[in-house]
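Enquirer: Make a model of this:
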Amino acid sequence: MPSAYFSLQLTFAAHYAIAAGVPFDVAVARCTNLRRRLHLWGPSGAEQWAIFLAELRKVSPDQAALLSTTLKFHEARPPLAPAPTFGCFSYDSPTAAGVLRVHFMPPEGLAASPLAAVAVDALRHELRAMFQHVRSAHLEARSVMGVSWLYNLQAYTRLFPQVFVESIQPVSGPLHLNGSSTWGQVLDWRQQVKPAVREELLRRLVGMDTTAPWRVFPLQPQMATCDVHAFHDLFT
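Expert: Numbering: from 1, shown residues only. So this is what the prediction gives:
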């Protein structure tokens, strides 16, 4: 996965840099999720991230060298701090306003798609375990929010409370491309680049609006939100 996925992101960044008239390393920071993939997110990763960008500046625009540099940093990436996961699901601790953000990331080694019909009960069991934990560990949680391309898929939305599903709407305002809420659609459940999505994304780069580069992706992220009690009522 890393080689094909990183190559596509570097190609995307190179196109954006030329179209927007910005340095390549600026494009990488704005338009890729490499910082997260290299485990350099947050203050603890700031110094190494700056070193990585400096290395990219040295070899740009040589795509082969850019990919080699990225793979080198990926190989040497620091371990992630342990975080609670519940199968395919995880969450961010509630914000000051009590908003709990949910995430979906299939673990490695699965034998079949986690969104297949036969997996619905297993996924709901994972959500039940997560929200039982949330209910006891985060009394401050007031609402649940998700932002992802996955909300375009009925195979995903069928897992959630109806009021949450009914709230789904396009994300308003600028979108960040430094996570998986948009880039995730490029990968299948094996974490391999989807050839058809790759080709469609590359085809659409020609018409990129540099003020809204996320719009070249085939599926746009959607947002859903509702009161946390809807999840507690369904899953706990």
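Enquirer: Domain parsing of the protein, as residue ranges.
Expert: Residue ranges for the domains of the chain, per automatic domain parsing: 2-80+172-216, 85-171+222-235.
Enquirer: State the separation between the longest one and the centre of the chain it belongs to.
Expert: On the basis of Cα atoms, centre = their mean, to the nearest Å, domain 2-80+172-216 sits 12 Å off its chain's mean C-alpha point.
Enquirer: pLDDT on that domain, on average?
Expert: Taken as a whole, domain 2-80+172-216 has a mean pLDDT of 95.
Enquirer: Dump the domains of the chain to TSV, plus mean neighbour count.
Expert: For the C-beta atoms, the positions are set from N, CA and C on the backbone; glycine is no exception. Shown next, in TSV, are the domains of the chain (neighbours: other Cβ atoms under 10 Å):
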stretch	mean neighbour count
domain 2-80+172-216	16
domain 85-171+222-235	16
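Enquirer: Contact partners for the residue nearest the centre of the chain?
Expert: With distances taken as Cα atoms, centre = their mean, Ser180 lies nearest the centre of the chain, 1.1 Å away. With contact set as Cβ atoms under 8 Å, 6 or more residues apart in numbering, Ser180 has these partners: Asn33, Arg36, His103, Met105, Ser148.
Enquirer: backbone phi and psi for it, please?
Expert: phi -110, psi 0 (degrees, to the nearest 10).
Enquirer: distance of it from Gln191?
Expert: 11 Å (Cβ to Cβ, to the nearest Å).
Enquirer: What distance do you get for the nearest residue to Asp209 once chain neighbours are set aside to His15?
Expert: Spatial nearest neighbour of Asp209, chain neighbours left out: Arg215 (6.0 Å); criterion: Cβ to Cβ, 6 or more residues apart in numbering. Distance of Arg215 to His15, computed by Cβ to Cβ: 14 Å.
Enquirer: about what we covered before: and the contacts of Ser180, which of them are in helices?
Expert: Counted as lying in helices by DSSP state H, out of the contacts of Ser180, are Arg36.
Enquirer: of all the contacts of Ser180, which two lie farthest apart?
Expert: Arg36 and Ser148 (14.6 Å; Cβ to Cβ).
Enquirer: quick revisit: name the residues contacting each of Arg215 and His15.
Expert: In contact with both Arg215 and His15: Met208, using Cβ under 8 Å, 6+ apart.
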